[in-house]
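>>> Take a look and give me a structure for this.
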Amino acid sequence: MAVKIRLRRTGKKKEVHYRIVVTEASAAREGTFIEAIGYVNPRLDPPQVRLNEERAKLWLGRGAQPTDTVRSILIRQGLLEKTRAGAKREATEAAAIGEES
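Reported below is the predicted structural model:
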């Protein structure tokens, strides 16, 4: 079972809010979820983000993979490092450069 941390759309039409949820990768965007760990209101400037950091760290430790948008939120909140987010990509690029030489 692959677990993702992603956004779940809530709110009325043109008044969108998002919940940060832990869900199975195969579940629909507004489908079932395991746990809600945060909230995002993008209509404010700057966007309002509330996140249960303990639960986020727990799920990341268990191997849950954040989507790109959630990954950027976690980086801004200080839960992930930019180098960790792109470490795999950088390792692949370094290997490709080494093969060319």
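>>> I'd like the average pLDDT over stretch 3-12.
Taken as a whole, stretch 3-12 has an average pLDDT of 92.
>>> for this structure, what spans make up the strands?
Under the criterion DSSP state E, strands of the chain are mapped to 3-12, 15-24, 35-41, 48-51, 65-66.
>>> got a markdown table for those, with mean neighbour count and distance to Lys57 too?
Any C-beta I mention is one placed from the backbone N, CA and C, and that applies to glycine too. Formatted as a markdown table, the strands of the chain follow (neighbours: other Cβ atoms under 10 Å; distance: least, Cβ to Cβ, whole Å):
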| stretch | mean neighbour count | distance to Lys57 |
| --- | --- | --- |
| strand 3-12 | 16 | 11 |
| strand 15-24 | 18 | 12 |
| strand 35-41 | 18 | 10 |
| strand 48-51 | 15 | 10 |
| strand 65-66 | 18 | 12 |
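>>> CSV for the ones you listed, including distance to Ile75?
Below are the strands of the chain laid out as CSV (distance: least, Cβ to Cβ, whole Å):
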stretch, distance to Ile75
strand 3-12, 13
strand 15-24, 14
strand 35-41, 14
strand 48-51, 12
strand 65-66, 10
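>>> Please identify which of the ones you listed is closest to Gln77.
With Cβ to Cβ as the criterion, Gln77 lies closest to strand 48-51 of the strands of the chain, at 5.7 Å.
>>> Parallel or antiparallel, list what pairs with that closest one.
Take DSSP bridges as the rule and strand 48-51 pairs in its sheet with strand 35-41 (antiparallel).
>>> tell me the angle of the strand it pairs with relative to strand 3-12?
Angular relation of strand 35-41 and strand 3-12 on a 0 to 180 degree scale: 50 degrees, by axes from the mean of the first three to the mean of the last three Cα atoms, to 10 degrees.
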